[in-house]
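> Give me the fold of what follows.
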Amino acid sequence: MTAPTVSLLSDTGSPTDNITNSAELEESVRASDVTRTYAVNGGLATATYTAPTKDGYYTVVVSDTDTAGSTETASLSFTLDKTLTSPTVVLSTDTGAGADKITSDASLSLNAPDEDASRTYALNGGASLSEYTAPTQDGAYTLVVTDTDTAGNIKSASLSFTLDTTLEPTVVSLLNGKLADSLTSSAALKLNTAAADVTRTYSINQINAISLAPATATYTAPTKDDEYFVVVTDTDTAGNTASARLNFTLDMSLTAPTVVLITDTGISADGITSNVSLSWNEPDQDAIRTYVINGGTSLRTYAEPTQDGAYALVVTDTDTAGNIKSASLSFTLDTTLAKTVVSLLTDSGTADDNITNSGQLLESSIASDVTRTYAINGAAATNSYTAPIYNGAYTVLVVDTDTAGNTDSARLSFTLKGAQEPVGKSINLQAYSWSSHTLLNDVLIDDGTTKSTTVAGQAQWTVATRTQVTLSAAMDTSAIGPAAIAASSAAVNLQDAIAILKMIVGLNVNGVNKPLSPYQVLAADTDGNGSVELNDAIGVLKYVVGLTQTQPAWHFVSELDTSVVAMENLKPGKPTSSIVASLESATPAHIGLVAYLTGDVDGSYTLGSNHLTQDYFTTLVGNHPNELSLSQFGIYT
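Residues are numbered from 1 along each chain as shown. Here you go, the predicted model:
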């Protein structure tokens, strides 16, 4: 019979080395009367061959036996090797974002191949090479690494990456400011446009910083004057970086110019003037000041206009950092006023002798912006002229004043004859304390002649007809007697010092819903300097304990004096020395004098048996509801 033959179906390694990764056999065809068996590595013979799968060295004996019992054998020895470690390949340094495989470094990190394996590298489908040469040109790459061992096992790994080694330089400058001095009023930056894959950060530092401040994703311009440097850093997805540094000095401070008329000769703050001299502050040392009038040329000096008209001046300061601040002033120059002319309307006597029976005047007309006043015989000026009706010599001063403050005047003297003869007018004066309403006697009244009030607090006299009378009032307690001195002394006590302290710190002096009287404020100013201060309370305390012998003083104001009612708390102003009273009401004219004693803040002075009733004040306030109040006289309802 014919002996069987056996070999490897596929010797996957080198030919005839019998090292393979497949244990499948190639056998001779057996005859029909032959039975074939297989014994692997001396094991039991089996009718079928099962290829081993575990790596190792194997011997297979193939035996054929025919029906006559003859036996022939063949054997095959081989090494089965199905194991190969797969290659691994990664970028040595993925310089961009983690695992994005965009890098500026194409160096690789690989495992070592098996000892019997050879390794090849194919880049972008090119030839397989035994060594890897890192590409240097930017672009996209795919690398295939293949290991092949002696048994013919093949395993591969691939890596795709993008090589990017290029980044545009970062360029930074000041958006505003002079390049030469790096001095600016704005820390805004001008930067080149970053590519889409670039991340930009900013580090803002004072010039003397020891280390860089933390980088931020956005730039916030500093606003405090100082010296700074900014580091701008660009980083692309491959990890390439580019930086630029900018040093600059931030100066955002500039004193604003101020400009006002030195003298607004007309109505205060109306800007209409006959004098266009200006007052302004000095510009900062590094600032240049310019002047523009009515939108004209910008000039370094101000030339006062001389022609009447409306003007708009803009004063602009510009410093070396580029800060600009302006101030404007609008004014009207008016230096022209028509001459004032006045004469008698009718000179009824001899022509031009100014002796007449009518005091009516013939006047020049006035412009719409002119105010005309009249003063007769040196009296206070009035806005209207009332011709005198009584015989006598008169001088009328007519003064015209326009809104720019220009003035012109005319004076006319004449004698009125054939008119009424002057008659006297009776005055009934009454003096009383503000809180207790005690009628005060022995008050000295002086309107050119001296008289004093009676025990009823009254004084009566007659004056020549006129519209007002100016007088002074005073009371000397030492001249009146011991009782008056004692009453004044007793009225100023510790309670008054406490009241002044309450007044200073803003506490209620008279109780809830009982407002402060202006006479209390006047009385609290014991040193007469026009203000209520701690020194006034100390003065009262010294008086109470006898450290000073200065007697409290009496002061008098008209009960109709509206300036007293409008007085600011704690700043009453200095005591008045004269009182002006109107005599325009029917005779006898009533003059009410309100008295306050310095230091007697609560108004406790009560010497005297005569007092005004509350009805007096109810009537008084009722006749003057917009000017007076009951609370100012210590009456709370």
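> How about residues contacting stretch 207-227?
Residues from elsewhere that reach stretch 207-227 (C-beta atoms under 8 Å, 6 or more residues apart in numbering): 186-189, 199-206, 228-233, 247-253. C-beta here means a position set from N, CA and C on the backbone, and glycine is covered the same way.
> Go ahead and measure how far that stretch is from the middle of the chain.
Centroid separation between stretch 207-227 and its chain, computed with C-alpha atoms, centre = their mean, to the nearest Å, is 23 Å.
> what distance separates the start and the end of that stretch?
Criterion C-alpha to C-alpha, to the nearest Å; first-to-last residue distance in stretch 207-227 is 5 Å.
> Tell me the buried residues in that stretch?
By neighbour count on 16 or more other C-beta atoms under 10 Å, the buried set for stretch 207-227 is 219, 222.
> Offset the numbering so it begins at 45, please.
In the new numbering, first residue 45, that becomes stretch 251-271.
> ok, which stretches of the stretch 295-444 of the chain are strands?
Ranges of strands within the stretch 295-444 of the chain are 303-305, 316-317, 322-324, 331-337, 353-363, 368-377, 386-388, 399-400, 405-407, 414-420, 436-446, based on DSSP state E, counting those that start in this stretch.
> Pick the most deeply packed of the ones you listed.
Comparing those by mean neighbour count (mean count of other C-beta atoms under 10 Å), strand 316-317 comes out on top with a mean of 22.
> Show me what that strand packs onto, helices and strands only.
If contacts are counted by 3 or more C-beta pairs under 8 Å, 6 or more residues apart in numbering; DSSP states H and E, strand 316-317 sits against strand 368-377.
> for the record, mean pLDDT for the strand it packs on?
For strand 368-377, mean pLDDT rounds to 96.
> how about the CA coordinates for it, as CSV?
What follows is strand 368-377, C-alpha atoms only, in CSV (Å, rounded to 0.1, in the frame of the first residue of the first chain):
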residue,chain,number,x,y,z
ILE,A,368,-10.5,117.0,26.9
LYS,A,369,-12.9,119.0,29.1
SER,A,370,-14.9,122.0,28.2
ALA,A,371,-17.0,124.7,29.8
SER,A,372,-19.3,127.1,28.1
LEU,A,373,-20.7,130.5,29.0
SER,A,374,-23.4,132.4,27.2
PHE,A,375,-23.8,136.1,27.8
THR,A,376,-25.1,139.2,26.2
LEU,A,377,-23.0,142.4,26.0
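> any idea how far it is from the chain center?
Its chain's C-alpha centre and that of strand 368-377 lie 24 Å apart, by C-alpha atoms, centre = their mean.
> Just the terminal-to-terminal distance for stretch 155-172.
18 Å.
> Please work out which residues outside it touch it.
Contacts of stretch 155-172 (C-beta under 8 Å, 6+ apart): 128-129, 131-132, 173-176, 179, 185-195, 197.
> same thing but at 6 Å, please
Residues outside stretch 155-172 that contact it (C-beta atoms under 6 Å, 6 or more residues apart in numbering) are 129, 132, 173, 176, 185-194.
> Tell me the spacing between the closest residue to Leu656 other than its chain neighbours and Gly501.
Among residues not flanking Leu656 along the chain, His481 sits closest, at 4.3 Å (C-beta to C-beta, 6 or more residues apart in numbering). For His481, the distance to Gly501 equals 10 Å [C-beta to C-beta, to the nearest Å].
> helix/strand/coil for the most centrally placed residue in the chain?
By C-alpha atoms, centre = their mean, the mean C-alpha position of the chain lies nearest to Thr267, the distance being 13.1 Å. Under DSSP: H, G, I helix; E, B strand; the rest coil, the three-state class of Thr267 is coil.
> Quick check: bridge partners of Leu456?
Going by DSSP bridges, Leu456 is paired in beta bridges with Val440.
> same question, Arg416
Counting by DSSP bridges, the residues bridging with Arg416 are Asp444.
> can you pull the pLDDT of it?
Reported pLDDT for Arg416: 95.
> Repeat that for Ala508.
pLDDT at Ala508 comes out at 68.
> distance from the centroid: which residue in this protein tops it?
What lies farthest from the middle of the chain is Ala112; by C-alpha atoms, centre = their mean that is 121.5 Å.
> now it: how far from Ala91?
19 Å.
> Find the residue closest to Asp397 in space, skipping its chain neighbours.
Nearest to Asp397 is Asp391, by C-beta to C-beta, 6+ apart, at 7.1 Å.
> Go ahead and confirm the one you found touches Ser402.
No - in this structure, Asp391 is not within contact of Ser402 by C-beta atoms under 6 Å, at 9.2 Å.
> where exactly do the helices run in the chain?
Using DSSP state H, the helices of the chain run over 521-524, 526-535, 538-549, 562-568, 578-588, 606-609, 658-667.
> Can I get these in CSV including distance to Thr210 and mean pLDDT?
Shown next, in CSV, are these (distance: least, C-beta to C-beta, whole Å; pLDDT from 0 to 100):
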stretch, distance to Thr210, mean pLDDT
helix 521-524, 105, 80
helix 526-535, 99, 88
helix 538-549, 76, 93
helix 562-568, 84, 94
helix 578-588, 79, 93
helix 606-609, 86, 80
helix 658-667, 94, 90
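> and Ala454, what is it in contact with?
Neighbours of Ala454 in contact, by C-beta under 6 Å, 6+ apart: 384-386, 442.
> and what of Tyr476?
When contacts are counted by C-beta under 6 Å, 6+ apart, Tyr476 is found next to 483, 501, 656.
> give the contact list for the first one.
When the contact criterion is C-beta under 6 Å, 6+ apart, the partners of Leu483 are 476, 500-501, 654.
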